[in-house]
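Participant: Sequence first, predicted coordinates after that:
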Amino acid sequence: MCLPALLAALMAGSGTALGERWVLNVEPVADGVYVHQGVHEDVLEDNRGDIANVGFVVGDDCVAVIDTGGSPEVGAALRRAIAAVTEEPVCYVINTHVHPDHILGNSAFLGDAPEFVGHARLKAQLEARGPYYLRSISRMLGTELDDDVLVMPDVAVSDHLRLNLGGRQLLLEAMPRAHTDNDLVILDEATDTLWLGDLLFVDRVPSLDGSLRGWLSVLADLGERDVARVVPGHGPASVDWPQAAEPLRRYLQTLLEETRAAIHQGATIEQAAGVVGQSERGAWKLFEDYHQRNVQNAYAELEWE
Amino acid sequence: MFKGLCVGIVGGLLLVTQPVLADGINYDESRWEILKQDHFGDRKIRDGEGVIGVDAPFRAADAALVPIGVEDLRSGRDAPEISRLYLFIDQNPVPLVGTIEFGPAARSVDVATRVRVDSYTFVRAIAETVDGELYMAKRHVRASGGCSAPVGADEEEALRDMGMIRVRAWDAREEKGGSRVQLGIRHPNFSGLQMDQVTRLYRRAHYVNSLEITADGKRVLKAELTIAVSRDPSLRFYVVPEVTDRELVIIATDSEKNEFRHADVMRPAPAPIDFSAEGRRDVAAGQGSAP
């Protein structure tokens, strides 16, 4: 954003990048469950990394935050949104997986001294990837992020874990390798609201960073769950289940079948990236930015079948 | 005040040595000057036009898996035979990707592999001809973090299957006048810059460091490789028609002195369907999923 535009945005007090005054718009999707919808863009200077869905669940005693956004500024704006809803302290910060748009806001909650909770493989992944996430996101934001921005989980979920917020419980479940190798889903038992993190993309093209076959299988299992609503990692704040998974399932299934076909018909990995899944082009935002990577990862997985 | 001044000066120096400009291209040639001196001394390096080209994505979709290729551009020209290729990624911690020496069973110096790219950088191919001349082609790639990217959760699986070799061959007489061979070796190819998922220590580098490929007893190529090669090292190359349907032998060794061997008669599948720009429409139509 150029300077005059930034000043205009500041003066108008509109949506983004308002520094100390920025409060995330949150939407109540069920009683005590609030979600902010991120924008369907890459991380840019003027969106400050606010590209993923983040939110929180309010119990009788305290609040659990679920994902914190793509920069400390987004995390701080989420903290202000919580303060506007309740004076209760934040006792848990849960990260659905390692990707920077979901985790780089963690440091904004250090003042609450919460427990940071993630999948059992999250810590190792964050330690390994953190330094280059910081480098590349700093470049995209035009703001230097230092090491303190990386906040490691204190609590590792290797199977199931129940968290008590007072009068309501969250059931956390570690998933096998799917979208990443460290996906966590969270069920708010009081309202039957299931947070899926990036196991569910709606409207925005998915990013495959785990296992294509694993993701399809996890999605099929999750599709059997009888819940009132789910919260996707990208897309509307709340969607119907399992209908909302259909476009993603179709995308992944197309990726699987066409990548397999391309391998068997003699396409190289470069050629496959240009031909596979083109029927999906019109169905997803940011298709051009991520689809080729998905094909390459699918190819590298499936060529060993 | 002084602090500000220092930052300003340091910033200025960085700008001189690391000119990543607004177009996202790192034009820095200083590392290459050192590498060039290291590997080739004062030998003259000519422009590779009409001899070789290097193919790499301008913006890498995945920094840990960047497909790169060298294209033999001599077809129909009177250029001398290329005996050896060097591949470099300027800004990587280990810039040399590898060297490949070609033998009589190689159809051309067309090769492709997948590499890790750590920073915005040039990827370079240097061809050495039998008469001792050097030719260079380069391509810019925007990617970052490929060398420290974790190998992934199925590390156990990667170690269990380590050394499994898979070969696919295609009839490429029309395309290149021989057979196209796609080789894959299951190997985690730890770069030494990745954190162990369990101990959270940096894992010792452990990677495929040499490949020797013969067909019908004649050398196709011999390659020395480094940690720049992606997990499950992949190599695509072409063999002459005379050795098609003969035994292809692959011997790979890794940095822990493991040897992996594969020998089988090549049975090239019929020519791949046309994946070129013109051919794409048919492919898409043929593969299209239900509406």
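Facilitator: Looks like it arrived, so ask away.
Participant: out of everything not next to it in sequence, what's closest to whichever residue of chain B sits closest to chain A?
Facilitator: Nearest residue of chain B to chain A: residue B:272, at 2.5 Å (C-beta to the nearest C-beta). From N, CA and C alone the C-beta is placed, and that goes for glycine too. Leaving aside its sequence neighbours, residue B:272 sits nearest to residue A:266 (C-beta to C-beta, 6 or more residues apart in numbering or on different chains; 2.5 Å).
Participant: circling back to that earlier point, pretty sure the residue of chain B closest to chain A sits against residue A:267.
Facilitator: Yes. Applying C-beta atoms under 8 Å, one finds residue B:272 in contact with residue A:267, separated by 6.7 Å.
Participant: more crowded one of those two?
Facilitator: A direct count of neighbours by other C-beta atoms under 10 Å in any protein chain shown for residue B:272 and residue A:267 places residue A:267 higher, at 23 against 20.
Participant: Just give the closest residue to that one, not the sequence neighbours.
Facilitator: Counting by C-beta to C-beta, 6+ apart, residue A:267 lies nearest to residue B:275, which is 5.0 Å off, once chain neighbours are set aside.
Participant: Mind pulling up the pLDDT for the one you found?
Facilitator: Looking at residue B:275, its pLDDT reads 80.
Participant: what's the answer for residue B:244, then?
Facilitator: So, for residue B:244, pLDDT stands at 86.
Participant: swap in residue A:131?
Facilitator: For residue A:131, the model assigns a pLDDT of 81.
Participant: Need phi/psi at it.
Facilitator: According to degrees, to the nearest 10, the main-chain angles of residue A:131 amount to phi -60, psi -40.
Participant: repeat for residue A:150
Facilitator: Backbone dihedrals for residue A:150, given as degrees, to the nearest 10, come out at phi -80, psi 110.
Participant: got it, and the one 10 residues further on?
Facilitator: Backbone torsions for residue A:160, taken as degrees, to the nearest 10, come to phi -130, psi 150.
Participant: which residue sits closest to it, ignoring its sequence neighbours?
Facilitator: Leaving aside its sequence neighbours, residue A:160 sits nearest to residue A:173 (C-beta to C-beta, 6+ apart; 5.5 Å).
Participant: Send me the helix or strand that that neighbour is a member of as PDB with only the CA atoms.
Facilitator: Using DSSP states H and E, residue A:173 sits within strand A:169-174. Provided in PDB are the C-alpha atoms of strand A:169-174 (Å, rounded to 0.1, in the frame of the first residue of the first chain):
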ATOM      1  CA  GLN A 169     -14.800 -28.700  27.600                       C
ATOM      2  CA  LEU A 170     -12.800 -28.800  24.400                       C
ATOM      3  CA  LEU A 171     -11.800 -32.100  23.000                       C
ATOM      4  CA  LEU A 172      -8.500 -31.900  21.000                       C
ATOM      5  CA  GLU A 173      -7.600 -34.700  18.600                       C
ATOM      6  CA  ALA A 174      -4.300 -35.200  16.900                       C
END
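Participant: Run through who's touching that strand.
Facilitator: The contact list for strand A:169-174, computed with C-beta atoms under 8 Å, 6 or more residues apart in numbering or on different chains, reads A:57, A:64, A:92, A:94, A:117, A:119-120, A:157-163, A:182-190.
Participant: So which of those sit within strands?
Facilitator: In strands, judged by DSSP state E, the following of those are found: A:57, A:64, A:92, A:94, A:117, A:119, A:157, A:160-163, A:184-188.
Participant: Buried only: go through those residues for me.
Facilitator: For the ones in strands among the contacts of strand A:169-174, a neighbour count by 16 or more other C-beta atoms under 10 Å in any protein chain shown gives the buried set as A:57, A:64, A:92, A:94, A:117, A:119, A:157, A:161, A:163, A:184-188.
Participant: quick one: which of the residues you listed is nearest chain B?
Facilitator: Nearest to chain B, judged by C-beta to the nearest C-beta, of these is residue A:119 at 10.2 Å.
Participant: Skip the chain neighbours and tell me the closest residue to the closest one.
Facilitator: Among residues not flanking residue A:119 along the chain, residue A:182 sits closest, at 3.9 Å (C-beta to C-beta, 6+ apart).
Participant: ok, how many other residues are close to the one you found?
Facilitator: 30.
Participant: And it, how close does it get to residue A:199?
Facilitator: Counting by C-beta to C-beta, to the nearest Å, the separation of residue A:182 from residue A:199 is 11 Å.
Participant: Same check on residue B:173?
Facilitator: From residue B:173 over to residue A:199 (counting by C-beta to C-beta), the distance is 46 Å.
Participant: nearest residue to the residue in the stretch 1-150 of chain A that chain B sits nearest to other than its sequence neighbours?
Facilitator: Of the residues in the stretch 1-150 of chain A, the one nearest chain B is residue A:132, at a distance of 3.0 Å by C-beta to the nearest C-beta. Leaving aside its chain neighbours, residue A:132 sits nearest to residue B:145 (3.0 Å; criterion: C-beta to C-beta, 6+ apart).
Participant: Check what pLDDT that neighbour gets.
Facilitator: 71.
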